[in-house]
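K.L.:
no sequence on this one, just coordinates:
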Ligand code: AMP
């Protein structure tokens, strides 16, 4: 399955935050949208970084609550791994497993075209397995309509 197939059903909406947003604002945004990460972007389209709940937890543990007033740019990851819509679901699974992150922005011509989370990966894997199981069951029982 291609990433473009996943985006067709889930949509291309990506929550972005500007690099100067205080971490406190990021926390509110993550909670409001019920998500675990946001792309850091100055113009809402290009990827300058990514920041996830893990970055917030790590910064809080290392520097204490004062970090909530600091800009998001102080806790973001700037070396962001992205994929194109032509990538396969397996490519994203491999990236997430190798690098131990749960979000991968999708980019076309350096502009955001969506984001795939580990939740999307698991959902689509389960759907694929269910469809295979149902085809096999029909084959075994002779129901090939
Ligand atoms: P996550 O598992 O997505 O919450 O992120 C774990 C760590 O990886 C955090 O430090 C994130 O900033 C970073 N991270 C998340 N997604 C990516 C990505 N696509 N490329 C590089 N780093 C990432």
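P.N.:
Nice, I can see it. The structure displayed is predicted, hence computed values, not measured ones.

K.L.:
Can you measure across stretch 7-20, start residue to end residue?
P.N.:
End-to-end distance for stretch 7-20: 29 Å, by Cα to Cα, to the nearest Å.

K.L.:
before we move on, what about stretch 9-17?
P.N.:
For stretch 9-17, the end-to-end distance is 24 Å (Cα to Cα).

K.L.:
wait, residue 14 sits on residue 39?
P.N.:
Yes: using Cβ atoms under 8 Å, residue 14 is in contact with residue 39, at 5.6 Å. Where you see a C-beta, it was placed from the backbone N, CA and C, and this is true even at glycine.

K.L.:
Quick check: neighbours shared by those two?
P.N.:
Common neighbours of residue 14 and residue 39 (criterion: Cβ atoms under 8 Å, 6 or more residues apart in numbering): 105, 112, 115.

K.L.:
so which of these are also by the ligand?
P.N.:
Subset of the shared contacts of residue 14 and residue 39 in contact with the ligand: empty, counting by Cβ under 6 Å from any ligand atom.

K.L.:
So which of the residues you listed belong to strands?
P.N.:
Using DSSP state E, the subset of those located in strands is 105, 112, 115.

K.L.:
Can you lay out those as a markdown table showing neighbour count?
P.N.:
Below are those laid out as a markdown table (neighbours: other Cβ atoms under 10 Å):
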| residue | neighbour count |
| --- | --- |
| 105 | 20 |
| 112 | 21 |
| 115 | 25 |
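
K.L.:
Nearest to residue 49, out of the residues you listed: which one, please.
P.N.:
residue 105 (10.3 Å; Cβ to Cβ).

K.L.:
Next, the contact list for the residue nearest to residue 53 when sequence neighbours are not counted, please.
P.N.:
Distances taken as Cβ to Cβ, 6 or more residues apart in numbering put residue 36 closest to residue 53, at 5.0 Å, once the chain neighbours are dropped. Taking Cβ under 8 Å, 6+ apart, we find residue 36 in contact with 30, 52, 53, 102, 103, 117.

K.L.:
Keep only those of the residues you listed that are in strands.
P.N.:
Secondary structure assignment by DSSP E places 52, 103, 117 of the contacts of residue 36 in strands.

K.L.:
Wondering if stretch 60-74 reaches the ligand at all.
P.N.:
No: interface with the ligand: stretch 60-74 contributes nothing (Cβ under 6 Å from any ligand atom), its closest point being 10.6 Å away.

K.L.:
Since that was my last question, I'll sign off now.
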